[in-house]
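In: Output the structure for:
(2 chains)
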Amino acid sequence: MNAYAVQEISSQTLVIKVVESKIETIQRLRDKYYNVLLRKGNRFTVTKVSSLDKVSLDKALDKLPESRIVPTVLERSGKYSFSKVDKGVVNLFEDSSRLLPLLNSRYPLYGTVTATVITKRLTTIHGFEGEESRTWFQGYFRAKNGDYSGQWAFASSFYDERKVKDTISRAEEYASITGKYEISDGKYDVVLSPLVMGNLMATVAYSASGYSIMTGNSFLSTHKPGDVVASQKFTLIDNPKGDELNSWEFDDEAVPTRKTTIVNKGVYTSPLLNIEVGKMLNQDTTGNAGWVYPRPWTLEVLPGEVSESSLLEGNVILFNNNWYTRFQNRAEGQFSTVGRDAVVVIRGGKPAGVAGRVRIADKLGKIISGIRELSKERYPVAWWDAPLPGVYPFALVEGVNLTRA
Amino acid sequence: MTQIEDELESIARRFPFRYVEVRHHQISSRVISLMNGELLGVYDEIEGGYSVRYFNDALFFVSSQNPNEFEPSPERVMGWSSDFLDSEPENGTYQVDEKTPLSSISLEEKIALLKDISKEVLSQRIESKLHNFVLTYSESVEEKEILINGSRIVGRVPRILVSYNLVMSGNGRTITAWHELGESGGLERLKELKVGSHLVERVKSLDLILQRGKGITTGRRDVVLSPILSGIMAHESVGHPFEADRVLGREFAQAGTSYLAIMNSRKIGNPAVNVADDPTIQNSMGYFLVDDEGVKARRKLLIREGEVNELLQNRFTAKRGNVPNNGSARASSFDREPLIRMSNTFFVPGDMNFRELVEDVKEGIFFKTYMEWNIDDMRMGQRYIGLEAYEIKHGEVGEPVLFPVLEGKTTEFLSAIDGADDSLEFYPGTCGKGDPDQGIPVSMGGPNLRLRNVMVKVI
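Out: Take a look at the predicted model:
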């Protein structure tokens, strides 16, 4: 054996599900599992088990063919410990009753609030022993006003009742926009809310994974760092060093995480890499392991210089939320995604009606190139169909192709 | 009494409520992945543990890998679910046989088999360039043991799933194609899936598309959908909206709502349309005989001759709707609550053959495979983009066409179906729902379907 690593992940989760403003379920989930990497030369296996005695050490590593991409771990020793555990979140596990009175609305309300305490431990052959604990507090709500609805989400590393209230209030605000407005297939200037940004930027970030690039499953495969791939207003960062959910101090290879700018003012700056994929692309790791598959941690789009409300001046279509993003062609970044909740047609700076479940059918590269303005205000969000946490502004994108069934 | 039975009994005693469901659930899996014929990695996983779901004026769910960690939730609330159908839970055992056990050949032999398939695919003489080919084989065994108010259900389902991703270019165009093949059973199913010949045919076909595919114009025409397309349509636009919990609003903030929540009419499509969900199909991915709430599984006819017939139900929705419970509750793993899930959803075949289906199409398109699909959260507006697609002219399937877009409303498509042939094929899928999200294995399928005069767009 010339490399091994054992990653232990234990978590405790509380999920409160709300349906029609009533509690549907209260769930308490405890989980603990180990990811074990065993490597001998260019042969390796990865095993996930709930108990280390279930790991079969024989695995006949010698008999396996050599692998093309072989996970490795940083030659780093010593103990490292980090903890950012919020007592407010921890207290919820004992009794969530203080949260329950907050879950009401002037419209029937649907959604979840989730509290998590998670601890990661990593031990490597080189003597690294890292431990890190975090708390997550997140939720999303959808308010239903007859045929209309509005949705919003929050993501926080600490307990804050205001975030729950503000999220419900924002969902209500969007749900209160009524009146139907038919639009036809065509190109429109659209404003993407932070929820939509959360969904789409995750796809940009996964496209920036070195693995996606190497296999050709990315619109960035044909680009090199230094190429202009987006509007100069657009900067996308993977930032696990902040206070946002899914921030971590070290990755699965014991590499210290760091802030990595994926796109800087429109210029493609860096893919997201681990040691082994970095080696294949002749670059250094960016601390985004994933054994074999580099992945983003937590995203950030830098703010713009204008107010959120000023983006809604003129004639635009606001997408409150979207879902079901599917790619036709990852190499070209061609996708479509369906608007959900308040897709609001703004005429002369005022809501003229709701366009219904209109679809964005375009290319990812074209969306980020078409960004004309970003708002100063940003929101940390994550929700069911955009689970990768991030902090996003509203974005005004010009000439987006919309279709309707 | 086995150790697990004993632990289930011990956990159940701590929950003195009217409805208590204790489950031990374990999934053991192995994934072997190859890139361009070289081993990418071997991944093993054993994921298992215990859960309790109980009704105490509201639904509560707790899970842990440690059977000693269970205790009732401290909260007392009146829940959205106010009651449940108190039918006697079944005692039952079901399993899918492994005629050739998954363990009957070694890991090295499996890798060698996948290498041979890869080699054959990579050696095809094609005009286009195959940039990247990832072939992933996965085998799993799902075992569950459930104790519900004294009744016991034991299930065991082994499954095989093969997925692949191809990146090809030629003639100034690029394609990224992804597809899955899979069934439940032992290694004999791998042979049945004929992965090698499927992939060779696929690569040749994609080459043809890249080299000779021609553009189309937007407009209305007749369309024939292969079982791959009819399957995804059955799943997305019939199976999902026929989940009673979704119709009632329980998934409104997650997987969405259903057009049935606002529809007043039972008529939903042409009388030629029949759609079923059937967990009892041998060797299907969604196989079970007793659901996770202890209710006997059966075939459900969701749409009968173009009319809404029945929805997928569990104990809670059946009580609310005052209808029979048809046993559709399933959980994907130990730490997930049982939800109303599809099993194997399909358009019921008709009595025509493929030739008859096509012969009176003057001008149309045959969608053989798709590259993208999506549907709105009400399950009404939907879109499928053909990858392998061919023109139909004067009753004959002809030249390849480039990426036609079938976009329209569910009711429009179901009303446009006027014929189904007598074939029936199934394809595997992983169906998402709930929060925490749970992906569950399903099959989806159908015959070749003919739709008259529907809108086909271009990208």
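In: quick one: contacts for residue 372?
Out: With no chain named, the answer covers chain A. For A:R372, the contact set (Cβ atoms under 8 Å, 6 or more residues apart in numbering or on different chains) comprises A:189, A:231, A:233, A:396-398. Glycine gets a C-beta too; all of them are placed from N, C-alpha and C.
In: ah, no, chain B please
Out: Applying Cβ under 8 Å, 6+ apart, the residues contacting B:E372 are A:326-328, A:335-336, B:383-385.
In: picking up where we left off before, top of the contacts of A:R372 by number of neighbours, please.
Out: A:V397 (27 neighbours; other Cβ atoms under 10 Å in any protein chain shown).
In: closest point of chain B to chain A, which residue?
Out: B:G381 (3.2 Å; Cβ to the nearest Cβ).
In: quick revisit: so which of the contacts of A:R372 comes closest to B:Y54?
Out: Sorting these by how near they are to B:Y54, with Cβ to Cβ, puts A:V397 at the top with 48.0 Å.
In: Surely the closest one is in contact with A:G370?
Out: Yes. A:V397 lies in contact with A:G370 (Cβ atoms under 8 Å); the separation is 4.4 Å.
In: Verify the contact between the residue of chain B closest to chain A and A:R357 for me.
Out: Yes. Contact criterion Cβ under 8 Å: B:G381 and A:R357 qualify, at 5.3 Å.
In: Report the beta-bridge partners for the residue of chain B closest to chain A.
Out: B:K409 (DSSP bridges).
In: and it, what does it touch?
Out: Here B:G381 is in contact with A:338, A:357, A:359, A:404-405, B:375, B:407-410 (criterion: Cβ under 8 Å, 6+ apart).
In: Buried among those? Need that as a selection in PyMOL.
Out: Remark: buried members of the contacts of B:G381, expressed as a PyMOL selection using 16 or more other Cβ atoms under 10 Å in any protein chain shown:
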select buried, (chain A and resi 338+357+359+404+405) or (chain B and resi 375+407+408+409+410)
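In: For the contacts of B:G381, could you give me TSV that also reports distance to A:A153 and pLDDT?
Out: Shown next, in TSV, are the contacts of B:G381 (distance: Cβ to Cβ, whole Å; pLDDT from 0 to 100):
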residue	distance to A:A153	pLDDT
A:V338	17	97
A:R357	19	96
A:R359	21	97
A:R404	25	92
A:A405	26	86
B:I375	22	97
B:E407	29	96
B:G408	31	96
B:K409	29	97
B:T410	28	98
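In: From the contacts of B:G381, which land in helices?
Out: Those of the contacts of B:G381 mapping onto helices are B:T410, per DSSP state H.
In: can you pull out the strands in the stretch 101-250 of chain B?
Out: All strands of the stretch 101-250 of chain B, identified by DSSP state E, counting those that start in this stretch, fall at B:129-148, B:151-170, B:173-184, B:219-225.
In: Run the angle between the third one and strand B:151-170 for me.
Out: Taking axes from the mean of the first three to the mean of the last three Cα atoms, to 10 degrees, one finds strand B:173-184 and strand B:151-170 inclined to each other by 160 degrees.
In: For strand B:173-184, which strands pair with it and how are they oriented?
Out: When DSSP bridges is applied, strand B:173-184 pairs with strand B:151-170 (antiparallel).
In: Tell me which residues of the partner strand come out buried.
Out: Neighbour-count burial for strand B:151-170 [16+ other Cβ under 10 Å]: B:152-155, B:157-170.
In: One more: stretch B:199-214?
Out: Counting neighbours by 16+ other Cβ under 10 Å, the buried set in stretch B:199-214 is B:199-200, B:202-203, B:205-210, B:213.
In: Which ones, among these, also lie beside chain A?
Out: Filtering the buried residues of stretch B:199-214 for proximity to chain A by Cβ under 8 Å from any Cβ of the partner chain leaves nothing.
In: neighbours of B:I340, just the number please.
Out: 28.
In: B:I365 now?
Out: B:I365: 24 neighbours (other Cβ under 10 Å).
In: and whatever helix or strand it lives in, does that touch chain A?
Out: If you go by DSSP states H and E, B:I365 is part of strand B:363-367. No. Strand B:363-367 lies out of reach of chain A by Cβ under 8 Å from any Cβ, never closer than 13.5 Å.
In: hmm, back to that, just the contacts of A:R372 now: which is nearest chain B?
Out: Taking the contacts of A:R372 together and measuring to chain B by Cβ to the nearest Cβ, the closest member is A:V397, at 18.8 Å.
In: what's the average pLDDT for the helix or strand that contains the closest one?
Out: If you go by DSSP H and E, A:V397 is part of strand A:386-403. Across strand A:386-403, pLDDT averages out at 98.
In: Could you list the domains of chain B?
Out: B:1-117+B:131-202, B:217-456 (the TED database).
In: what ranges do the helices span in chain A?
Out: A:87-94, A:161-175, A:194-207, A:210-215, A:275-280, A:364-369.
In: hey, which of these is tucked in deepest?
Out: Comparing those by mean neighbour count (mean count of other Cβ atoms under 10 Å in any protein chain shown), helix A:194-207 ranks first with a mean of 25.
In: I'd like the average pLDDT over it.
Out: 98.
In: Could you check the angle it makes with strand A:386-403?
Out: 100 degrees.
In: Dump helix A:194-207 to CSV, keeping only the CA atoms.
Out: In CSV, the C-alpha atoms belonging to helix A:194-207 read as follows (Å, rounded to 0.1, in the frame of the first residue of the first chain):
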residue,chain,number,x,y,z
PRO,A,194,-30.5,34.7,-7.1
LEU,A,195,-32.4,31.4,-7.1
VAL,A,196,-32.0,31.1,-10.8
MET,A,197,-28.4,32.2,-10.6
GLY,A,198,-27.9,29.5,-8.0
ASN,A,199,-29.2,26.8,-10.4
LEU,A,200,-27.3,28.0,-13.4
MET,A,201,-24.0,29.0,-11.8
ALA,A,202,-23.7,25.5,-10.3
THR,A,203,-23.8,24.2,-13.9
VAL,A,204,-21.1,26.7,-14.8
ALA,A,205,-19.0,25.6,-11.8
TYR,A,206,-19.4,21.9,-12.6
SER,A,207,-18.4,22.7,-16.2
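In: Is it in proximity to chain B?
Out: No. Figure legend: helix A:194-207 not in contact with chain B (Cβ under 8 Å from any Cβ); closest approach 11.6 Å.
In: So what touches the longest helix along chain B?
Out: Secondary structure assigned by DSSP H gives helix B:195-212 as the longest helix of chain B. Identification of contacts with helix B:195-212 by Cβ under 8 Å, 6+ apart yields B:116-117, B:120-121, B:124, B:126-128, B:130, B:135, B:162, B:164, B:166, B:168-171, B:173, B:175, B:177, B:179, B:181, B:368-369, B:387-389, B:399-400, B:402.
In: same deal with stretch B:325-332?
Out: B:23, B:25, B:51, B:85, B:87, B:243, B:277, B:279, B:288, B:290-293, B:295-298, B:300, B:310, B:312-315, B:318, B:337-343, B:438-440.
In: for the strand holding B:I365, which positions count as buried?
Out: B:364-367.
In: now those as JSON lines including pLDDT?
Out: Listed next are those as JSON lines, based on pLDDT from 0 to 100:
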{"residue": "B:G364", "pLDDT": "97"}
{"residue": "B:I365", "pLDDT": "98"}
{"residue": "B:F366", "pLDDT": "98"}
{"residue": "B:F367", "pLDDT": "98"}
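In: Which single one of those residues is nearest to A:S169?
Out: Using Cβ to Cβ, the buried residues of strand B:363-367 come closest to A:S169 at B:F367, 45.1 Å.
In: OK, contacts around the closest residue to the closest one other than its chain neighbours?
Out: Nearest residue to B:F367, sequence neighbours excluded (Cβ to Cβ, 6 or more residues apart in numbering or on different chains): B:G386, at 4.5 Å. Contact analysis of B:G386 by Cβ under 8 Å, 6+ apart lists B:365, B:367-371, B:401, B:403-406.
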